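# can you look at this prediction? I've put the sequence above it.
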Amino acid sequence: GIQLRTLELTSIKLPNGPGTSWTEEIKLRFPVLKNLVMINSDYHLLKVLRISAPQLKNLVIHNNDPMLVGYCKIELCTPNLLSLELQGYLYKDYYVENLPSLVSANIRFVDNMNARERSRVQNLIKVLKSLYNVTTLQLYNWNIQNLPKCQDIKDELPNSFYNLRSLKFVSGRNYSCIHVIEELLKRSPIIETLVLQISQAFCYPGTGQERGEESSFQCLFPHLRFVEVQNLRGLKSEHKFLKSLLENAVVLEKLTIGPSTTLSRYQEMESANIRNHLQSLPKASSSVRILFLD
């Protein structure tokens, strides 16, 4: 018989049909499937979706409508997965079995304001725990920036991303991400490349970081070689972060900084001050080059 290797499911409804009653569970079994893509599927009447695919290598799940996700929980049994991409709205809960072969992950969750802040953070942490073996991680997420407001669950982050070499982090809109970056970097002992994209502002004036509280960012980075910061806005928290990197990254080769295109006159002046100060700072790496993009 035909052995399906690649499957793309777009705008399907699980369970299928016009009914309005809850379905307890649906289990999708794919014994030989290699690639699975699920885009904007409707789970709003489903409590648990289980995906069992022992040979699956690549998994993509996009959910761009919170009404389609509903209160569904998702369970993944994909022990040979190499690449994982999750985009859109969070499920109600996650259970991911061990992913020892996972190499790359792209996580782009949207902040569902209808869900409790604490549950959003916990669900994201559950996903992050399954990514312990990745070498490349892209994290686009507003939920994790609420972590500093959920101190009692901060220790639930993975102890170590011990194979992580490349991290891209896109910050959110409403809260400082500096402490989150610190926590991720502390748990990434061999990281070589960091790309930080600041979507709006690292943190708004008046938050603790902007009042001058000292960062706890003291860890060394024996392997960090390339850092790129996009959309710099001239804030003190950004300055402290970059200063700490230069003081602690002993083999850093290149720091690339791009300013935001929507700066006020004051922010332009602060960005210029940061540029001048970073050039004059003592640096842990004697060979580092700082490139400012105009």
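Sure thing, it's come through.
# pLDDT wise, what is the residue nearest the centre of the chain at?
Residue closest to the average C-alpha location in the chain (Cα atoms, centre = their mean): Leu139, at 2.0 Å. At Leu139, the model reports a pLDDT of 90.
# show me the contacts for it.
Listed by Cβ atoms under 8 Å, 6 or more residues apart in numbering, the contact set of Leu139 reads 107, 167-170, 184. The way it works is simple: take the backbone N, C-alpha and C, and place the C-beta from them, glycine included.
# neighbouring strands of the one helix or strand it maps to in the sheet, and parallel or not?
Assessed by DSSP states H and E, Leu139 sits inside strand 136-141. Strand 136-141 has its sheet partners listed here by DSSP bridges as strand 104-110 (parallel), strand 166-170 (parallel).
# out of these, which gets the lowest mean score?
Among those, strand 104-110 carries the lowest mean pLDDT (a mean of 90).
# and the next element down the chain from it?
For strand 104-110, the succeeding helix or strand toward the C-terminus, using DSSP H and E, is helix 117-129.
# what's that next one packed up against?
For helix 117-129, the packing partners by 3 or more Cβ pairs under 8 Å, 6 or more residues apart in numbering; DSSP states H and E come out as strand 93-96, strand 104-110.
# I'd like those strands written out as CSV, with distance to Gln87 added.
As requested, those are exported to CSV (distance: least, Cβ to Cβ, whole Å):
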stretch, distance to Gln87
strand 93-96, 14
strand 104-110, 4
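# among these, which is nearest Leu28?
Distance to Leu28, taken as Cβ to Cβ, is lowest for strand 93-96 among those, at 14.6 Å.
# just how off-centre is the closest one within its chain?
17 Å (Cα atoms, centre = their mean, to the nearest Å).
# partners of that strand in the sheet?
Strand pairing (DSSP bridges) places strand 93-96 next to strand 73-77 (parallel).
# now the angle from the very next helix or strand once past the partner strand to strand 104-110?
Using DSSP H and E, the helix or strand that follows strand 73-77 towards the C-terminus is strand 83-89. If you take axes from the mean of the first three to the mean of the last three Cα atoms, to 10 degrees, strand 83-89 sits at 0 degrees to strand 104-110.
# about what we covered before: mind putting the strands paired with strand 136-141 into a markdown table with distance to Met67 and mean neighbour count?
Supplementary listing: the strands paired with strand 136-141 in a markdown table, determined by distance: least, Cβ to Cβ, whole Å; neighbours: other Cβ atoms under 10 Å:
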| stretch | distance to Met67 | mean neighbour count |
| --- | --- | --- |
| strand 104-110 | 13 | 18 |
| strand 166-170 | 25 | 19 |
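# got JSON lines for those strands, with distance to Tyr132 too?
As requested, these are exported to JSON lines (distance: least, Cβ to Cβ, whole Å):
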{"stretch": "strand 104-110", "distance to Tyr132": "10"}
{"stretch": "strand 166-170", "distance to Tyr132": "14"}
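# excluding chain neighbours, what is closest to Leu245?
Nearest residue to Leu245 in three dimensions, chain neighbours excluded: Val227, at 6.0 Å (Cβ to Cβ, 6 or more residues apart in numbering).
# tally of neighbours for Arg265?
Neighbour count of Arg265, defined by other Cβ atoms under 10 Å: 7.
# ok, now the one 5 residues further on?
The local packing count at Glu270 equals 19, with neighbours defined by other Cβ under 10 Å.
# low-confidence stretches in the protein?
Along the chain, the model assigns pLDDT under 70 to residues 1, 17-20, 111-117, 141-155, 172-177, 199-219.
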